[in-house]
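In: Take this sequence and fold it.
(one chain, ligands or ions: 1)
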Amino acid sequence: MKYFIQTYGCQMNYSDSERITTILHKMGYTKTDGFQDADLIILNTCSVKQKAEDRIYGLGEIFAPMKKKNPNLKIGITGCMIREASGIRNEVKHDVFRIMPTIDFVFQIKDLMQLPEILHKLHHTEGAEEVKDLCSYFHIDPTVTNLAQVFIPISSGCNNFCSYCIVPYARGREECRPMADILDEVKKAAKREAKEINLVGQNVNTYKPDDTDPESGESPFAQLLRKIDTVEGVDRIRFYTVHPKDMTDDVINLYGELKSMVPHIHLPIQSGSATVLKRMNRHYTPDRLRELVQKLRARLPDMSISTDIIVGFCGETEEEFMESCNLIEELKIDLIYVSKYSERKGTLASEKYKDDVPAEVKKDRFFRITELMKNISHEYNQQFKGEKVKILVERIRKGYADGKTPEFKMARFKADDPKLIGKYVTIKVDKPMEWCLEGKAV
Ligand code: SF4
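Out: Numbers count the residues shown, from 1 in each chain. Below is the predicted model:
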C-alpha cells in the first residue's frame, strides 16, 4: 500500500513527518509522490493562522472523487489542527469530521504511537505490534530526507501559553527528551554526513531533561550544545525556538566559544511594544530584548539576528506598531518573518481581547515593516561584497545552486549539478541584494 504525507508549517512539523514516515515504512507502506495513487494520505497541519486551516478544509472536496475511485483510500489529519482526542471517525468526536466528511482519522502528534493501531483497524495492516516496541515518539528513528541539514527534536509541547498561540493546546505540555538520546541521534546524523544540526523545540531555553548534570553549573541547554559541539563532523548548530524571557547568559556565552555555533540567532520578539507584549503574555519587555541583543553582539559584533513579528494584534495602535518598527531598526534585525494576527479559537487572546485591527490596517503594517526589513537587510548584506562566504547548498533552481551562509543569509551561484546539494561551496560575493548574496564559486 502506498502513502503520501503532506507537511505544512514549521520545522517541528517536518521533523514529526520524518518520524511518521518511519512508522509507515515499518508497517509496510511505500512512499508515493502525490495524492493521486495513494492509499493513505496524512496531512500534517499548521494552525498558526485561520488561512492555514481553511486551506486544509478546502481539500475536503478533492478527496471525495478520489475516494470514489479508490475505496481503499484512508485520509488522516495530525499537527496543530488536532487539539482534541485522537482516533477514528466513528470512535471519537472532532469538529474536523463534521467539516470534512472525507476524513477517516485524526491524531495528536503526542499520540503518534496510536497510529499503528488506527491503521491496523482501517487498513488491516500488519506490523502494528512490532511498531509498539518503539515505545515513544522520541524513540523513533526518523527517516531523514535531507542528509546535510537535519532537524532533531529536543522537546515537544509548551508551558508558556502566549495569548495568541494554539500550540500548547495542540502539542500539550513540554516534554523533554533525554540528552543521551539526542546525542545518539546527532551522532547517527553526523555519520550520514549531516553538516548542520537544527535543534527544535517550542522553547529550547527551558529544556530540562532528567539526565542533566547538576554539578556542571550550566543550564541543561548549554550543556547539550557543548556536547553536540564535540561530535565529529558537526559543523553548524542552529536552534529553534528561543524564548527571550528564558534565554540564559551561559548559552549566549557559547557564541564565539564553540566552533559550531553559527553567527546567527532566531530571536522571536513578536512586538516591540511593552503594552502589546503584555497582552500577548510574553513576560518580557523591550528593554529585556535590548539587553539580550547587546550581550549577543558583545560576543559576536556582526551577528545576524532574525525574528518573528505579529502585526495587528488585538488593540495594536499605530504608536504600538511604530514601537516595533523602531526597535527593529535600533536592534538592526535583518530578517523578519511577519504575520498578520489571526484569531485562534480557544486561545487566551480569543477569550480576552477583540481582534479589532481592520484587515486593511494589518495589511498596511505588514507592508511597511517588510519594507523596513528590506532596507536593514540590504545594508547588512553590503559587508559581504567582495568577500568569500561558505554556503551549504540546499537546492538547484532556475540555473542556480542556493543555500545558506553561517549567518543564515541565502546565497547563490550559477550551477546546475544536483550532486552539489548537501555540499559546501565557497563563493565570492559580487552582488549583495536584500534577500540574497550572489557570487561565483571559487
Ligand atoms: S512559547 Fe508561546 S508562541 Fe511559542 S509555542 Fe509556546 S505558547 Fe506558542
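
In: can you pull up the bridge partners for the residue nearest to G34 when sequence neighbours are not counted?
Out: By the measure of CB to CB, 6 or more residues apart in numbering, the closest residue to G34 outside its immediate chain neighbours is F4, 6.2 Å from it. Using the backbone N, CA and C atoms, a C-beta is placed for each residue, glycine as well. Counting by DSSP bridges, F4 is bridged to I41.

In: Surely F4 touches T30?
Out: No. Between F4 and T30 there is no contact, the gap being 10.5 Å when judged by CB atoms under 8 Å.

In: Now stretch 208-222: buried residues?
Out: Neighbour-count burial for stretch 208-222, counted by 16 or more other CB atoms under 10 Å, picks out P209, T212, E218, S219, P220, F221, A222.

In: By average pLDDT, which secondary structure element in the chain comes out worst?
Out: Of all helical and strand segments in the chain, the minimum by mean pLDDT, DSSP states H and E falls on helix 128-132, at a mean of 68.

In: Next secondary structure after that one?
Out: Downstream of helix 128-132, the first helix or strand assigned by DSSP states H and E is strand 149-153.

In: Show me what that following strand is packed up against.
Out: Counting contacts by 3 or more CB pairs under 8 Å, 6 or more residues apart in numbering; DSSP states H and E, strand 149-153 packs against helix 11-26, helix 179-191, strand 196-200.

In: Between the ones you listed, which one is closest to the ligand.
Out: The closest of the helices and strands packed on strand 149-153 to the ligand is helix 11-26. By CB to the nearest ligand atom, the value is 9.2 Å.

In: Next, the buried residues of the closest one.
Out: Residues of helix 11-26 classed as buried under the neighbour-count rule (16+ other CB under 10 Å) are 11-24, 26.

In: what about it, average pLDDT?
Out: Averaged across helix 11-26, the pLDDT comes to 92.

In: now the angle from that helix to strand 196-200?
Out: Counting by axes from the mean of the first three to the mean of the last three CA atoms, to 10 degrees, helix 11-26 points 100 degrees away from the direction of strand 196-200.

In: What's the mean pLDDT across whatever helix or strand comes next after helix 11-26?
Out: Toward the C-terminus, helix 11-26 is succeeded by strand 30-31 as the next helix or strand (DSSP H and E). If you average the pLDDT over strand 30-31, you get 96.

In: Strand 30-31 pairs with which strands, and in what direction?
Out: Each strand that pairs with strand 30-31, with its direction, by DSSP bridges: strand 2-7 (parallel).

In: Give me the spatial nearest neighbour of the closest residue to the ligand within the stretch 201-350 of the chain, chain neighbours excluded.
Out: When distances are taken as CB to the nearest ligand atom, the stretch 201-350 of the chain reaches nearest to the ligand at Q202, 3.9 Å away. In space, and not counting its chain neighbours, Q202 is closest to C158: 3.8 Å by CB to CB, 6+ apart.

In: got the contact list for that neighbour?
Out: The neighbourhood of C158, defined by CB atoms under 8 Å, 6 or more residues apart in numbering, consists of C165, V167, P168, R171, R173, E174, Q202, N203.
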